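compute the structure for the input listed below.
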Amino acid sequence: MKHQTSFGLSYEFFPPKSAEGATALANTATRLAETEPAFFSVTFGAGGSTREGTLETVKMLQNKIETPVVPHLSCIGSTRDEIVHFLKAYQNLGIDRIVALRGDLPVGSDQLGEFKFASELVQFIRETTGDHFYIEVAAYPEFHPQAATPTQDMLNLKRKIECGANSAMTQYFYNPDAYFYFIDQCAQFDIFVPIVPGIMPITQFARLARFSDLCGAEIPMWIRKRLAEYGDDHESVKSFGTEVVYNLCQKLIAGGAPGLHFYTLNQADASLQLVSQLFRTKKLAMSE
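Modelled structure (predicted):
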């Protein structure tokens with residue numbers, strides 16, 4: 001079993017829908033690569049709706065940058081043959097790390113495919129490719145919205161680890177206590193793999209609220225009220241959002257988080273600002 005041994009940054013992208021979007025993403029990746037991240041990840045749409053886009057984006061980024069690129073692979077709505085197709089394609093590209101997820105069905109679809117759970121996908125990847133891939137999975141400090149109980153959610157994570165996952169990245173959150181309590185609970189369930197917190201920079205309130213309502217991530221009331229009050233004052237939203245997320249990251253780093261995984265929404269500015277502030281503060285603290 002592989003283990004992450006040092007603090008690492010990573011950034012998540014989604015496949016662009018146009019040539020202009022691809023050019024913009026290449027520029028974003030080039031700028032973020034200056035922070036020397038461990039990897040960039042590329043999402044896989046609901047029911048695999050962007051599956052070929054994921055593969056093409058991975059190829060594009062590999063041609064533009066030296067930073068390792070890590071594809072997401074979700075199993076809902078996919079057949080075994082389709083999963084094997086992508087695993088072989090990624091092996092041929094020299095990729096040795098993958099994010100394995102259950103995923104969500106596209107709206108209006110009821111075709112579950114041959115896998116129902118991420119643990120089944122992890123097990124299939126191991127059976128098909130052995131130890132070739134370092135496998136990341138998802139974790140939910142504030143619980144998956146479809147989990148019946150917190151214990152069930154923890155057992156789902158444990159099952160993914162037992163099937164061969166090496167580490168996990170979390171859904172984003174804004175309450176550091178949720179993460180630290182989650183880590184303590186993981187130990188109670190004999191889960192000791194690295195669990196990297198997911199970080200969502202705050203740049204727009206309406207979009208953040210919409211995302212959070214869909215995925216079950218909580219925006220604490222004091223943050224929600226402040227953001228709502230700023231309304232269309234985008235500079236105030238960005239300034240307050242940067243302060244909130246910076247303080248969150250500081251607490252996570254101080255508490256021993258093994259890394260930070262930024263949900264970039266294909267934009268560089270917010271993540272770059274946070275990382276530059278965090279590294280500057282970290283260097284100052286180390287020199288004292």
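
hey, let's count contacts and neighbours off CA atoms from now on
Fine.

and for stretch 123-134, what's in contact with it?
With CA atoms under 8 Å, 6 or more residues apart in numbering as the test, stretch 123-134 has contacts from Lys2, Val84, Leu87, Ile95, Asp96, Arg97, Ile98, Cys163, Gly164, Ala165, Asn166.

what about that stretch, start to end distance?
Length of stretch 123-134, first residue to last, CA to CA, to the nearest Å: 13 Å.

quick one, helices of the stretch 1-150 of the chain?
19-33, 51-64, 80-92, 118-129, 150-162 (DSSP state H, counting those that start in this stretch).

just the CA coordinates of the third one, formatted as CSV?
Taking Å, rounded to 0.1, in the frame of the first residue of the first chain, the C-alpha atoms of helix 80-92 are listed here in CSV:
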residue,chain,number,x,y,z
ARG,A,80,-17.1,-3.0,-17.6
ASP,A,81,-15.9,-2.8,-21.2
GLU,A,82,-16.1,1.0,-21.1
ILE,A,83,-14.1,1.1,-17.9
VAL,A,84,-11.5,-1.2,-19.3
HIS,A,85,-11.3,1.0,-22.4
PHE,A,86,-10.4,4.1,-20.3
LEU,A,87,-8.0,2.2,-18.0
LYS,A,88,-6.1,1.0,-21.0
ALA,A,89,-6.1,4.4,-22.6
TYR,A,90,-4.7,6.0,-19.4
GLN,A,91,-2.1,3.3,-19.0
ASN,A,92,-1.0,3.9,-22.6
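
follow-up on the earlier one: among the contacts of stretch 123-134, who's most crowded?
With neighbours taken as other CA atoms under 10 Å, the top of the contacts of stretch 123-134 is Ala165, carrying 28 neighbours.

so that residue touches Ala138, yeah?
No - the criterion here is CA atoms under 8 Å, and Ala165 misses it with Ala138 at 10.0 Å.

could you pull out the strands for this structure?
Taking DSSP state E as the criterion, the chain carries its strands at 8-13, 39-42, 69-74, 97-101, 134-139, 167-172, 195-199, 259-263.

can you list the residues that contact the fourth one?
Contacts with strand 97-101, where a contact means CA under 8 Å, 6+ apart, come from 41, 70-75, 118, 121-122, 133-138.

that one versus helix 80-92: what angle between them?
Note on geometry: by axes from the mean of the first three to the mean of the last three CA atoms, to 10 degrees, strand 97-101 and helix 80-92 are set 160 degrees apart in direction.

ok, strand 97-101: who's next to it in the sheet?
Looking at strand 97-101 with DSSP bridges, its partner strands are strand 69-74 (parallel), strand 134-139 (parallel).

run the chain-centre distance for the first one.
Pointing back at strand 69-74 there. The chain centroid and the centroid of strand 69-74 are separated by 10 Å under CA atoms, centre = their mean, to the nearest Å.

give me the angle between that strand and helix 118-129.
120 degrees.

out of the strands of the chain, which is closest to Gly53?
Judged by CA to CA, the one of the strands of the chain that comes nearest to Gly53 is strand 39-42, at 9.4 Å.
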